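> Sequence and predicted structure, then a few things I'm wondering about:
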4 protein chains.
Amino acid sequence: MDGKRAEAFSDGVFAVAITLLALELKVPGGEGPLSHRLVEIWPAYLAYVVSFLSIGIMWLNHHTLFNHVVRVDRLLLVLNLLLLMFVAVVPFLTEVIGDELGEHMRGGDATTVMVAYGLLMIAMSICFSTIWWYVAFRRDMLDARLEQEAVRRSIPRFGIGFVAYVLTTLIALVSPLAALVLFGLTALYYAFEHLPAARQLDPDAGPGAG
Amino acid sequence: MDGKRAEAFSDGVFAVAITLLALELKVPGGEGPLSHRLVEIWPAYLAYVVSFLSIGIMWLNHHTLFNHVVRVDRLLLVLNLLLLMFVAVVPFLTEVIGDELGEHMRGGDATTVMVAYGLLMIAMSICFSTIWWYVAFRRDMLDARLEQEAVRRSIPRFGIGFVAYVLTTLIALVSPLAALVLFGLTALYYAFEHLPAARQLDPDAGPGAG
Amino acid sequence: MDGKRAEAFSDGVFAVAITLLALELKVPGGEGPLSHRLVEIWPAYLAYVVSFLSIGIMWLNHHTLFNHVVRVDRLLLVLNLLLLMFVAVVPFLTEVIGDELGEHMRGGDATTVMVAYGLLMIAMSICFSTIWWYVAFRRDMLDARLEQEAVRRSIPRFGIGFVAYVLTTLIALVSPLAALVLFGLTALYYAFEHLPAARQLDPDAGPGAG
Amino acid sequence: MDGKRAEAFSDGVFAVAITLLALELKVPGGEGPLSHRLVEIWPAYLAYVVSFLSIGIMWLNHHTLFNHVVRVDRLLLVLNLLLLMFVAVVPFLTEVIGDELGEHMRGGDATTVMVAYGLLMIAMSICFSTIWWYVAFRRDMLDARLEQEAVRRSIPRFGIGFVAYVLTTLIALVSPLAALVLFGLTALYYAFEHLPAARQLDPDAGPGAG
């Protein structure tokens, strides 16, 4: 069983989830001119951008990871399903963020939703790390051209992302808005920091280009 | 006519249906703090998880089945369409479950929706078994490497799933919540129990890994 | 430029449109027990089944057609886009049908929506025929193994579907419900009646199996 | 890393965004007959057609561009993600256009939404040009059969589209409706005007057919 159709299905879920994000954008009704009402919901746009980057870059790394997977088994597919189960919840919480940061700005509720968002990011991060750890452990699933050493070195790197998500979730207790921005920056960090495995296969790629 | 594009279309429907599940999650309005309102809708989360696993694992088995199909005909494509017609209804009933178990907890309505959900699961199970039975009967559609004997033995196994769905639907008459949990467990059982055909092709795969 | 990515994109639109159909199903609020309210919306279920079959079988024939296309050009892609533009509107009108046949049953409004639905079906039928006519006319786009004669004979067949849609739209003026059922039957007819081209390539396929 | 899965993911986002456009169509409630209420929302249909063509033809050119890309890197994937982030917003603004042009026709609000739509089109145009400029600049990403000269000549052409979008956005200040029609015509222009690269590879293709 190869991973092609698992990739196609995952691509579908990532693509639908990322596109549904914008469906949650709603212009508030009311008496003011539309230009005010469109600007008023800027936290919803910020949440849209952060969630779009988070899902998009998660997809990008999923793509890189499965590029190195030559064989999948049932357990890997179930772990992947678990990851997708959390990915599909992102639009729901993104809408709640837009509502809470935008309309009420009440400390309590804004904190609640950003902590929930942080826990969701942590759950996705754990699933992703488990998948990588699982295929790295069962070496017959990985492309044989990857150096054992490079694979081993890659594992602690995921730990950094995990720690970043936990710290940002704690920051949400103090400033929900700062936490939202930090989640966006973490996604951008992951956009250019990649699984070292890829670099091993393509030694000519310069930094930020491989 | 090979099955590649039928798989691509089915992957699309499965991926959209599974991602739309989360679109049905709605935070109730009201006066209480968001943390209470987020926790209050736990039956909606449970329904989400159960439906996600049910569709996800149905996809997984669909994937395994079509891996062994070397040729499709019009009737198979129409049967597949019928299966997808039921799959696409799952988000609708999942939303109703969240509403009924969450808001009212009235015995009558919660029972109604769980019985409807059970009938939907039974309908999907019948479609899936019919597809497998049809390709097993018309041997020129199946990969020739499958042993005739293994294919025959696989057919009664589907009967077990069918009986599980019928029994769980009956349990819904007594306890809708217990039925919902049992549907989730049935999905998990199907995650690791697979079409024996796959094992025949890959004799080295250990239990739970093939 | 081959047609692979056009097929992938079309599959996506067909799959999303067909799955969104169920998103339009809504249980009416109100005082009655859920079982009554679920049964009450039976016209919405009927509309769902008819539209699912219509889109599903349109996809099936799209699949068969593009199987024979070896080269695509810009005009063909634009025609295909036009077809998809009508396909994506089906969920919108399906929802209106459910509302109008279900809630009001007022002759005037039910007639209006079924005539609109009929016009949509006619538009899809015209786009599909134009695509087939275009690739049949520019023979370098079609698989060379198709017999010229078989291709020519296939063109009037589409006319039958067109006439069926026009007649059913006229019937909607008298009985909207009968028209809805007839649209479903027309879709089923197309499920088993196929482009003769396919039969020419696969002379061993029996009736209903190729 | 080749571009296949990036194309599959992009196809998914384009297909979902284009199909969600129709989800924004809503029949207004009210006392009048359905036929009046269906006709009343004609600006929403016009916005649907213009946005469908805009996304569809953006997909078409994306398809043509990636056909010539033989290698992708992280930066290209992030640029592509940025493009998709704007594409996914189109259904949101399309719904607002339908509402504002249809219900209120107030000069101020209609102007606001059409200027916002214009800015969105400009953003998509900039992303698309940047992607083309990036792959044209790093020649190892482009199919070696493309003539250097043809690639260079293609770059100013995108400038024309950019200027058209800016001018149309300015026209929106005077007539929102005229601007909407002009955006549709610009999309149609792009449908038949294509990346010159394609013509270089296929010298036999006549005008409008390559």
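Nice, thanks for sending it over. Quantities reported herein were computed from a predicted structural model and do not represent experimental measurements.

> What is the three-state secondary structure of A:Ser35?
Of the three states, A:Ser35 takes helix under DSSP: H, G, I helix; E, B strand; the rest coil.

> okay, now the residue in chain A that chain B sits nearest to: neighbour count?
Relative to chain B, the nearest point of chain A is A:Gly12 (2.8 Å; C-beta to the nearest C-beta). (Glycine included, C-beta is placed from N, CA and C.) Neighbours of A:Gly12 under the rule other C-beta atoms under 10 Å in any protein chain shown: 29.

> Counting by contacts, list what the one helix or strand A:Trp132 maps to packs against.
A:Trp132 belongs to helix A:107-137 when elements are defined using DSSP states H and E. Applying 3 or more C-beta pairs under 8 Å, 6 or more residues apart in numbering or on different chains; DSSP states H and E, one finds that helix A:107-137 contacts helix A:42-67, helix A:74-87, helix A:90-99, helix A:148-174, helix A:176-192, helix B:34-40.

> ok, and does the fourth one reach over to chain D?
Translated: helix A:148-174. No - residues of helix A:148-174 contacting chain D under C-beta under 8 Å from any C-beta of the partner chain: none, with a closest distance of 15.4 Å.

> Skipping adjacent residues, who's closest to A:Leu82 in space?
Closest residue in space to A:Leu82, ignoring its immediate chain neighbours: A:Cys127 at 5.3 Å, by C-beta to C-beta, 6 or more residues apart in numbering or on different chains.

> for A:Trp132, same thing?
A:Leu65 (6.0 Å).

> from chain A, which residue is nearest to chain C?
A:Val16 (7.7 Å).

> quick one: secondary structure of that residue?
Three-state assignment for A:Val16 (three-state DSSP): helix.

> What's the local residue count around it?
Count around A:Val16 with other C-beta under 10 Å applied: 30.

> Contact partners for it?
A:88, B:15-16, B:19-20, C:16, D:12, D:16 (C-beta atoms under 8 Å, 6 or more residues apart in numbering or on different chains).

> Same check on A:Val50?
Per C-beta under 8 Å, 6+ apart, neighbours of A:Val50: A:180-181, A:183-184, A:187.

> Run through the residues of chain A sitting next to chain B.
So chain A meets chain B at A:1, A:5-6, A:8-9, A:11-13, A:15-17, A:20, A:23, A:73-75, A:77-78, A:81, A:84-85, A:88-89, A:91-92, A:96, A:99-100, A:108-109, A:112-113, A:116 (C-beta under 8 Å from any C-beta).

> Phi first, then psi, for the closest residue to A:Asp140 other than its chain neighbours.
Using C-beta to C-beta, 6+ apart and skipping residues adjacent in sequence, the residue nearest A:Asp140 is A:Arg71, 6.5 Å away. Dihedral angles phi and psi of A:Arg71 (degrees, to the nearest 10) take the values phi -150, psi 140.

> And A:Arg71, how far from A:His62?
According to C-beta to C-beta, to the nearest Å, A:Arg71 and A:His62 sit 17 Å apart.

> For these two, indicate the residue with more neighbours.
A:His62 (22 against 15).

> and stretch A:30-43, how far apart are its ends?
One end of stretch A:30-43 sits 18 Å from the other (C-alpha to C-alpha, to the nearest Å).

> sorry, back to before: kindly provide the whole-number mean pLDDT of the helix holding A:Trp132.
The average pLDDT for helix A:107-137 rounds to 90.

> tilt between that helix and helix A:148-174?
Orientation of helix A:107-137 against helix A:148-174 (axes from the mean of the first three to the mean of the last three C-alpha atoms, to 10 degrees) gives an angle of 170 degrees.

> May I have the phi/psi pair for the residue located most distally from the centre of chain A?
Distance from the centre of chain A peaks at A:Glu31, with 37.4 Å (C-alpha atoms, centre = their mean). Phi and psi for A:Glu31, reported as degrees, to the nearest 10, are phi -90, psi -30.

> Could I get the contacting residues of it?
Neighbours of A:Glu31 in contact, by C-beta under 8 Å, 6+ apart: none.

> confidence score at it?
Reading off the model, A:Glu31 has pLDDT 75.

> do A:Glu103 as well
58.

> mean confidence score for stretch A:69-82?
89.

> And that stretch, how far out from the chain middle?
Relative to the chain's own centre, stretch A:69-82 is displaced by 18 Å; criterion: C-alpha atoms, centre = their mean, to the nearest Å.

> Repeat that for stretch A:169-186.
Distance, centroid of stretch A:169-186 to centroid of chain: 15 Å (C-alpha atoms, centre = their mean).

> got the buried residues for it?
Buried residues in stretch A:169-186, counting neighbours by 16 or more other C-beta atoms under 10 Å in any protein chain shown, are found at A:169, A:171-172, A:176, A:179-180, A:182-184, A:186.

> For these, work out which two are farthest apart.
A:Pro176 and A:Thr186 (15.6 Å; C-beta to C-beta).

> circling back to that earlier point, can I assume the residue nearest to A:Leu82 is in contact with A:Leu83?
Yes - using C-beta atoms under 8 Å, A:Cys127 is in contact with A:Leu83, at 3.9 Å.
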